[in-house]
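Enquirer: can't give you the sequence, but here's the structure:
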């Protein structure tokens, strides 16, 4: 049976083009696409993490329309996906929520387009997801990726997708879909 | 070595909500996301197929900015991805172009969120992609999916992603990423 897998899309802290820590803007389609992927793969929660009030308003507006508003009458399957979304200010809030709900520390996975030391393969990742009795939390970065301080919080680092290709600039929507598929596959 | 794999995103003919054949609108992010996925996986060409002049203008505007315009100075990796995009009016034009370039008929794959008879697994699909000496063309539908007339043109039908899930409403951006990853994986 599928484990308790959750994902988080990080808008702060992330790296800017120049390598400094920034808070990135929320993209409407990141909320929709990744929620639809999450719902398709039996993921329990999709945390959208942003500390900026104006960006939090964007997330709230999308959820208000699709979860509580008339979006439900237009496309119920979109509502069903967006019901998985939970807005959080910081990653610490995500962890706290998971611990409060499950009484367990989440097993955290870091993802990146950059090769890191001690990264694990997707076969290993899949085996861990299948066998752990802890909730699993997979982090996805926006902008130029996630900083060291988030890496340090994680238990495992997944190897980059298409690491041997001369180009691996996937959108976070595509990368999240591929990584979730590699970790969960057709398991229900 | 990776085969000659190409993809096409179909905006006409596709099914509307009521099952009738329509011409769907082009989405800017479909062009970008799927081009980045295509480039990351060594795909040779990404055909955006739309018969509507106004929609063709949208594609041309994106390509003009990113391939020929100042986008190149902003983000060269985006330019590199979008160089794979070719605008076509009809699927017949795509096939004709591939035949003219390769002197071979493309081996065509149909994709769908709906279960069909005689669909093949991704393992089978991957083996075919690896072993064929013909160019491979994978079709992705927009809107409510592709009609029977496109299915009839294809050599193989891939099984739906997450067919056993109670929900498989992936965005075409996510579905294309997952399907391409399942067919090509880390092969370079």
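Expert: Sure thing, it's come through. This is a predicted model, so every value here is computed, not measured.
Enquirer: contacts and neighbour counts: CA atoms only from here.
Expert: Will do.
Enquirer: enumerate every residue touching the residue of chain A most remote from its centre.
Expert: Distance from the C-alpha centroid of chain A peaks at residue A:73, with 27.3 Å (CA atoms, centre = their mean). By CA atoms under 8 Å, 6 or more residues apart in numbering or on different chains, residue A:73 lies in contact with nothing.
Enquirer: tell me the secondary structure for residue A:6?
Expert: strand (DSSP: H, G, I helix; E, B strand; the rest coil).
Enquirer: partner residues bridging it?
Expert: Using DSSP bridges, the beta-bridge partners of residue A:6 come out as residue A:45, residue A:137.
Enquirer: so it touches residue A:129, yeah?
Expert: No - the pair residue A:6 / residue A:129 is not scored as a contact, 10.9 Å apart, by CA atoms under 8 Å.
Enquirer: can you pull the residues that touch both of those two?
Expert: Common contacts of residue A:6 and residue A:129 (CA under 8 Å, 6+ apart): residue A:136.
Enquirer: got the residues of chain A near chain B?
Expert: Taking CA under 8 Å from any CA of the partner chain as the measure of proximity, chain A contacts chain B at A:33, A:36-37, A:39-42, A:77, A:161-171, A:173-175, A:177-178, A:181, A:185-186, A:188.
Enquirer: same thing but at 6 Å, please
Expert: Proximity of chain A to chain B, by CA under 6 Å from any CA of the partner chain, involves residues A:33, A:36-37, A:40, A:162, A:167-168, A:170-171, A:174, A:177-178, A:186.
Enquirer: helix or strand right after the lowest-mean-pLDDT helix or strand in chain A?
Expert: Using mean pLDDT, DSSP states H and E, helix A:71-74 stands out as the lowest-scoring helix or strand of chain A, at a mean of 90. Next helix or strand after helix A:71-74 toward the C-terminus (DSSP states H and E): helix A:76-82.
Enquirer: give the other helices and strands that that next one contacts.
Expert: Applying 3 or more CA pairs under 6 Å, 6 or more residues apart in numbering or on different chains; DSSP states H and E, we find helix A:76-82 packed against helix A:28-40.
Enquirer: for residue B:127, see how far away residue A:114 is.
Expert: Plainly put, residue A:114 is 29 Å away from residue B:127 if you go by CA to CA, to the nearest Å.
Enquirer: what's the burial count for residue A:180?
Expert: 22 (other CA atoms under 10 Å in any protein chain shown).
Enquirer: which residue sits closest to it, ignoring its sequence neighbours?
Expert: Counting by CA to CA, 6 or more residues apart in numbering or on different chains, residue A:180 lies nearest to residue A:41, which is 7.5 Å off, once chain neighbours are set aside.
Enquirer: neighbours of residue A:87, how many?
Expert: Neighbours of residue A:87 under the rule other CA under 10 Å: 20.
Enquirer: and the one 10 residues further on, by the same measure?
Expert: In terms of burial, residue A:97 registers 13 neighbours under the definition other CA under 10 Å.
Enquirer: gap between it and chain B?
Expert: For residue A:97, the distance to chain B equals 26 Å [CA to the nearest CA, to the nearest Å].
Enquirer: and that residue, which of the three is it?
Expert: Per three-state DSSP, the local secondary structure of residue A:97 is helix.
Enquirer: pLDDT wise, what is it at?
Expert: With respect to pLDDT, residue A:97 scores 98.
Enquirer: what's near enough to touch it?
Expert: Counting by CA atoms under 6 Å, 6 or more residues apart in numbering or on different chains, residue A:97 touches no other residue.
Enquirer: now it: how far from residue A:180?
Expert: Plainly put, residue A:97 is 22 Å away from residue A:180 if you go by CA to CA.
Enquirer: likewise for residue A:38?
Expert: Taken as CA to CA, the span from residue A:38 to residue A:180 is 8 Å.
Enquirer: tally of neighbours for residue A:100?
Expert: 11.
Enquirer: what strand or helix carries it?
Expert: helix A:91-102.
Enquirer: after that helix comes which helix or strand?
Expert: Next along from helix A:91-102, by DSSP H and E: strand A:107-110.
Enquirer: mind listing what's buried along the next helix or strand after that next one?
Expert: Downstream of strand A:107-110, the first helix or strand assigned by DSSP H and E is helix A:122-131. Judged by neighbour count using 16 or more other CA atoms under 10 Å in any protein chain shown, the buried positions of helix A:122-131 are A:122, A:125, A:126, A:128, A:129, A:130.
Enquirer: chain center to helix A:122-131: distance?
Expert: Taking CA atoms, centre = their mean, to the nearest Å, one finds helix A:122-131 lying 17 Å from the centre of the chain it belongs to.
Enquirer: other residues contacting it?
Expert: Helix A:122-131 has contacts (CA under 6 Å, 6+ apart) with residue A:183.
Enquirer: quick one: average confidence on that helix?
Expert: 97.
Enquirer: for the nearest residue to residue A:151 once chain neighbours are set aside, which residues make a bridge with it?
Expert: Spatial nearest neighbour of residue A:151, excluding adjacent residues (CA to CA, 6+ apart): residue A:110 at 6.2 Å. Beta-bridge partners recorded for residue A:110 (DSSP bridges): residue A:139, residue A:157.
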